[in-house]
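Engineer: Here is a sequence with its predicted model. Questions after.
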Amino acid sequence: MGRIIFYEERNFQGRSHECSSDCTDIHMHLNRCNSCRVDNGCFVVYDRNNYMGNQVFLKRGEYSDFQRMGSMMGMQGMAMMDNIRSCRMIPTHRGPFRMRIYERENYGGQMHELIDDIESLQDRFLMSDCQSCQVMDGHWLMFEQPNFRGKMLYVRPGEYRNLRDSAASNMSRISSIRRIMDMC
């Protein structure tokens with residue numbers, strides 16, 4: 001089971017709130033979140049409540065200054081985040097990974113079945129974007145830029161008819177996809 005502890009101040013100071021499952025609004029427990037510690041498992045954190053907005057994948061470790069980390073992420077081509085409002089725990093997946101991606105919404109256009117990471121949809125499939133998908137097995141991260149960079153979108157088993165209309169997505173396109181293989 002995962003465990004993440006959020007702190008109001010930098011360097012794990014001030015009031016704290018511990019989560020071992022999904023949390024729709026961390027600000028119900030804290031006024032702000034400036035640092036966090038993942039003791040066990042993996043989480044996706046969001047900068048808006050109800051699992052919306054920019055997303056960042058966190059695995060076991062200490063994140064002592066989320067505002068500083070957020071600006072560094074922006075310089076590296078990742079989503080800018082200076083606040084955490086909600087989080088999802090990612091369950092450990094043991095077994096195969098399988099996803100169907102589609103070029104257009106509602107499962108239209110080219111279709112490809114994935115079982116491994118794709119650094120560039122364009123290079124691998126001559127596909128410039130992915131607008132819908134069906135996740136059969138495993139948990140995945142979809143990225144706006146090739147080589148797993150830029151804003152990301154977490155998807156778990158289910159159907160996603162229109163990734164642009166997803167409440168959590170503010171991405172302009174999907175260019176690379178990675179399996180979550182960490183021991184979460």
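Structural biologist: The structure has been received and is ready for your questions.
Engineer: Burial check on F143, number of neighbours?
Structural biologist: 24 (other C-beta atoms under 10 Å). C-betas here are computed from N, CA, C, even on glycine.
Engineer: where's H139 relative to S128, distance?
Structural biologist: To S128, H139 is 25 Å away according to C-beta to C-beta, to the nearest Å.
Engineer: So the two - more neighbours on which side?
Structural biologist: H139 (23 against 11).
Engineer: and the nearest residue to the more buried one once chain neighbours are set aside, what does it touch?
Structural biologist: Nearest residue to H139, sequence neighbours excluded (C-beta to C-beta, 6 or more residues apart in numbering): I180, at 4.4 Å. Counting by C-beta atoms under 8 Å, 6 or more residues apart in numbering, I180 makes contact with C42, F57, I90, H93, G138, H139, W140, L141.
Engineer: Would you confirm that the last one contacts F148?
Structural biologist: Yes: counting by C-beta atoms under 8 Å, L141 touches F148, with 7.3 Å between them.
Engineer: which neighbours do the two share?
Structural biologist: R178.
Engineer: chain center to stretch 143-163, what's the gap?
Structural biologist: Centre-to-centre, stretch 143-163 and its host chain are 8 Å apart (C-alpha atoms, centre = their mean, to the nearest Å).
Engineer: buried ones in it?
Structural biologist: 143-146, 148, 150-155, 160, 163 (16 or more other C-beta atoms under 10 Å).
Engineer: how about the CA coordinates for that stretch, as PDB?
Structural biologist: Output in PDB follows, covering the C-alpha atoms of stretch 143-163 (Å, rounded to 0.1, in the frame of the first residue of the first chain):
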ATOM      1  CA  PHE A 143       3.400  12.700 -22.800                       C
ATOM      2  CA  GLU A 144       2.900  15.800 -24.900                       C
ATOM      3  CA  GLN A 145       6.400  15.600 -26.400                       C
ATOM      4  CA  PRO A 146       8.600  12.800 -27.700                       C
ATOM      5  CA  ASN A 147      11.000  11.100 -25.300                       C
ATOM      6  CA  PHE A 148       8.600  11.200 -22.400                       C
ATOM      7  CA  ARG A 149       8.800  15.000 -21.900                       C
ATOM      8  CA  GLY A 150       6.300  17.800 -21.500                       C
ATOM      9  CA  LYS A 151       2.900  17.700 -19.800                       C
ATOM     10  CA  MET A 152       1.700  14.200 -19.000                       C
ATOM     11  CA  LEU A 153      -1.600  12.300 -18.600                       C
ATOM     12  CA  TYR A 154      -2.000   9.300 -16.400                       C
ATOM     13  CA  VAL A 155      -4.300   6.600 -17.800                       C
ATOM     14  CA  ARG A 156      -5.400   3.300 -16.100                       C
ATOM     15  CA  PRO A 157      -7.600   0.500 -17.400                       C
ATOM     16  CA  GLY A 158     -10.600   1.900 -19.100                       C
ATOM     17  CA  GLU A 159     -11.900   3.600 -22.200                       C
ATOM     18  CA  TYR A 160     -10.900   7.100 -23.200                       C
ATOM     19  CA  ARG A 161     -13.000   8.200 -26.200                       C
ATOM     20  CA  ASN A 162     -11.600  11.700 -26.300                       C
ATOM     21  CA  LEU A 163      -8.300  12.400 -24.500                       C
END
